[in-house]
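Visitor: got a sequence here, can you model it:
(one chain, ligands or ions: 1)
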Amino acid sequence: MPNTLHPQLIEWPARGQKPVKLQVSNSALAGLHRGHPWLYAERIKTQSHAGCPGDLAVVFDSKRRFVAVGLYDPCSPIRMRALRIGKPGPIDRAFFAERIAQALERRLPLLHTDTDGYRMIHGESDGLPGLVIDRYATTAVVKLYTHAWLPHLGDCLDCLLEQQPLERIVLRLSRGLQQHPEELHGLADGQIIYGVPLTAPLTCRENGLIFEVDPIHGQKTGFFLDQRDNRAQVEQLAKGKRVLNAFSYSGGFSLAAARGGAREVTSLDQSGPALETARRNFALNAAVPAIAAARHLTIEDDAFKAMAELVKQGRHYELVIIDPPAFAVRRSQIKEALSAYGRLAHLGVSLLAPGGDIVLASCSSPVTPEDFRHTMCAAAARAGRPLMHINETGHALDHPLDFTESRYLKCLFAQA
Ligand code: SAH
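Guide: Residues are numbered from 1 along each chain as shown. Here you go, the predicted structure:
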């Protein structure tokens, strides 16, 4: 391919030569021994020297025995993310290749479902903390949560490309990284770091449905892959129904409902571009008779305001889906988040035809599944429409849950 960039041609920051040696508090040792890969800065008792982002850091116990080796990041309160715990070993291409192979093998069942949009690497849960890689057909999107990956990314992506042929790789940087531009070595959010530029809209398939994805400007890495299984469930519930999909983004749940035989689907989002994509996604899937037959409406507005308005107008839907953005990222925001979820549940059941189905999702990681369920049930009961036949779901197989902090998604299916 002419003008093809390769990860090895990018000027990544150099790898440090000398590992940083750390001694840490007993509670941090216990955490690492339990397999938790994060080491917070305040848990470090002694440190051999000041390290740079991406230097290897080795933790020893008081008897100088090896505990863990990982990636050091002086810019983050999570000062080290452990890659190997308990047993020493090199952090090199063979190591990355093995972790990637394991992760890809976990996802093999997806390939039988006409799905080429999925998470290939889910950070901590796939043994590569701070690194997320999503695949959209032949494009991969790498999202970094620590600068520490930068010196290792050339090797890591080389290993990925050996196992997974790709046309291009897009780099996305979490907000934390963008706060330290001096550590980015000229790399930018949305930069193509391998392969050819995108010249046409990118699409991927999810259970046979086609979705347009914007990996460069889109939210997350371009699509909300974590809702795949819940969308499949919505498809099973939708036959003959009038559906409201609040916080629809590009219409993931709307398309699933339409293919399931919904007679009318309303996508509600405050983002005009997201709704335009939702409309294009309906057009892209028009070969599916049920989708061509479903009436698709859009409302561009604040969901709280628009739903209150629909209640006032006396509108009713037989299926209501509410999948808002994270209302809490810190523990201090939990109370406010629960109050917002409660308001949405109240509005949702108020818009529900008697005996209708409601789907309520939360991606706020500090909110526990118990608190979320309790708040949703209480709010629905207050509206005089208690939730019944509740079913809770979580993450799909490409978002494994081996790591507690990655347990962010909660989704309730209920009738009211
Ligand atoms: N359900 C979607 C993902 C939702 S992401 C899917 O399956 O793909 C959250 C969406 O909420 C985003 O599209 C964002 O634009 C929208 N949003 C955020 N705050 C909003 C608000 N107050 N009112 C309406 N939409 C909002």
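Visitor: what would stretch 80-92 look like as CSV? C-alpha coordinates only.
Guide: Extracted in CSV, the C-alpha atoms of stretch 80-92 (Å, rounded to 0.1, in the frame of the first residue of the first chain):
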residue,chain,number,x,y,z
MET,A,80,2.0,1.7,38.2
ARG,A,81,-0.2,-0.7,36.3
ALA,A,82,1.1,-4.3,36.8
LEU,A,83,1.6,-6.5,33.8
ARG,A,84,3.0,-9.6,35.6
ILE,A,85,2.2,-10.4,39.2
GLY,A,86,3.8,-13.2,41.3
LYS,A,87,6.2,-14.5,38.7
PRO,A,88,8.9,-12.4,37.0
GLY,A,89,9.4,-12.4,33.3
PRO,A,90,10.3,-10.0,30.4
ILE,A,91,7.9,-7.4,29.1
ASP,A,92,8.6,-7.7,25.4
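Visitor: now do that stretch, average pLDDT.
Guide: For stretch 80-92, mean pLDDT is 96.
Visitor: can you pull out the strands in the stretch 301-416 of the chain?
Guide: Taking DSSP state E, counting those that start in this stretch to define them, one finds strands in the stretch 301-416 of the chain at 317-322, 352-362, 388-393, 410-415.
Visitor: most tightly packed of the ones you listed?
Guide: Using mean count of other CB atoms under 10 Å, the stretch among those with the largest mean neighbour count is strand 317-322, at a mean of 26. C-beta here means a position set from N, CA and C on the backbone, and glycine is covered the same way.
Visitor: who in the protein is up against the ligand?
Guide: When proximity is defined by CB under 6 Å from any ligand atom, the chain lies next to the ligand at 224, 227, 247-250, 252-253, 269-271, 274, 302-303, 323-325.
Visitor: dump the strands of the stretch 301-416 of the chain to CSV, plus mean pLDDT.
Guide: Listed next are the strands of the stretch 301-416 of the chain as CSV, based on pLDDT from 0 to 100:
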stretch, mean pLDDT
strand 317-322, 98
strand 352-362, 97
strand 388-393, 93
strand 410-415, 96
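Visitor: which of these sits closest to residue 107?
Guide: strand 388-393 (18.7 Å; CB to CB).
Visitor: can you tell me which helices and strands that closest one packs against?
Guide: helix 228-237, helix 369-382, strand 410-415 (3 or more CB pairs under 8 Å, 6 or more residues apart in numbering; DSSP states H and E).
Visitor: buried stuff in the longest one?
Guide: Okay, so that is helix 369-382. Neighbour-count burial for helix 369-382, counted by 16 or more other CB atoms under 10 Å, picks out 371, 372, 373, 375, 376, 377, 378, 379, 380.
Visitor: what comes into contact with that helix?
Guide: For helix 369-382, contacts defined as CB atoms under 8 Å, 6 or more residues apart in numbering pick out 334, 338, 341-343, 345-346, 348-349, 358, 360, 362, 386-387, 390, 392, 394, 410, 412, 414, 416.
Visitor: just the C-alphas of that helix, formatted as CSV.
Guide: Coordinates of the C-alpha atoms in helix 369-382 are reproduced here as CSV (Å, rounded to 0.1, in the frame of the first residue of the first chain):
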residue,chain,number,x,y,z
PRO,A,369,-25.9,-2.6,40.6
GLU,A,370,-27.9,-2.8,43.9
ASP,A,371,-28.2,1.0,44.3
PHE,A,372,-29.2,1.4,40.7
ARG,A,373,-31.9,-1.3,40.9
HIS,A,374,-33.2,0.1,44.2
THR,A,375,-33.4,3.6,42.8
MET,A,376,-35.1,2.5,39.6
CYS,A,377,-37.7,0.4,41.5
ALA,A,378,-38.4,3.1,44.0
ALA,A,379,-38.9,5.8,41.3
ALA,A,380,-41.2,3.5,39.3
ALA,A,381,-43.2,2.7,42.3
ARG,A,382,-43.5,6.4,43.2
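Visitor: okay, the angle between that helix and strand 317-322?
Guide: Going by axes from the mean of the first three to the mean of the last three CA atoms, to 10 degrees, helix 369-382 is angled at 140 degrees with respect to strand 317-322.
Visitor: state the mean pLDDT of helix 369-382.
Guide: 97.
Visitor: tell me the angle of that helix relative to strand 410-415?
Guide: Using the same axes, to 10 degrees: helix 369-382 against strand 410-415 is 30 degrees.
Visitor: picking that back up, so which of the strands of the stretch 301-416 of the chain is nearest residue 61?
Guide: That would be strand 410-415 among those, by CB to CB, at 37.1 Å.
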